[in-house]
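# Generate a structure from the sequence data that follows.
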Amino acid sequence: MAEIDKDAEREKLRLQFEKEAKSRESAQVMSSLLLQGATMTRKHCKTCGNPIFRQEGEEFCPICKKGKQGTTEKEVDSQKDQSERKRTGGQLTGARTVIMNKIEDLTEKVEQEEDIQKMKEYLSAMKEATEVLRMMDEVGK
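Next comes the predicted model:
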């Protein structure tokens with residue numbers, strides 16, 4: 001049998017974890033915007049590839065913060081700080097990860113779906129998932 005390079009495997013896993021952490025953080029920011037009444041459009045950011053959101057008549061990328069930067073940037077930064085504090089202090093990390101992955105899956109389905117009714121179902125499920133995350137955050141305080 002070939003000997004496994006443990007350092008290479010660790011590095012591979014570390015890089016994968018970092019990538020997944022960024023993806024979870026992006027999903028969390030987007031979920032929070034949906035809860036605030038923002039709309040996810042079918043457009044995508046040319047810089048990072050994430051969905052473009054519309055709020056109060058203005059379109060923007062919640063990750064790159066291109067477009068509407070004023071209040072949304074502050075809100076997103078504040079939510080990221082709050083979420084980070086809660087996530088590191090909470091004991092519900094495993095469940096949170098599963099829910100965030102499901103939100104990401106639903107986001108992809110929404111992006112690909114053409115049937116409005118199906119889109120509504122997916123968005124409704126996303127909203128419920130984000131509400132569960134919010135309740136988990138309250139418990140973790």
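
# Wait, Pro51 touches Lys43, no?
Yes. Using Cβ atoms under 8 Å, Pro51 is in contact with Lys43, at 7.2 Å. Just so you know, the C-beta spots here come from the backbone N, C-alpha and C atoms, and that holds for glycine as well.

# Between these two, point out the one with more neighbours.
Neighbours of Pro51 and Lys43, each counted by other Cβ atoms under 10 Å, are more numerous for Pro51; the result is 21 against 12.

# Now do the phi/psi pair for the more buried one.
With angles defined as degrees, to the nearest 10, Pro51 sits at phi -60, psi 150.

# bridging residues for it?
His44 (DSSP bridges).

# check contacts around it.
Met30, Met40, Thr41, Arg42, Lys43, His44, Cys45, Thr107, Glu111 (Cβ atoms under 8 Å, 6 or more residues apart in numbering).

# Just the buried residues from the residues you listed, in PyMOL please.
Filtering these down to the buried ones (16 or more other Cβ atoms under 10 Å) takes a single PyMOL command:
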select buried, resi 30+40+45+107
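
# Just put the contacts of Pro51 in JSON lines and tack on pLDDT.
Putting those into JSON lines (pLDDT from 0 to 100) gives the following:
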{"residue": "Met30", "pLDDT": "88"}
{"residue": "Met40", "pLDDT": "90"}
{"residue": "Thr41", "pLDDT": "90"}
{"residue": "Arg42", "pLDDT": "88"}
{"residue": "Lys43", "pLDDT": "89"}
{"residue": "His44", "pLDDT": "88"}
{"residue": "Cys45", "pLDDT": "87"}
{"residue": "Thr107", "pLDDT": "89"}
{"residue": "Glu111", "pLDDT": "89"}
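
# and which of the contacts of Pro51 is nearest Glu9?
Glu9 lies nearest to Thr107 out of those, by Cβ to Cβ, at 30.1 Å.

# Okay then, goodbye and thanks.
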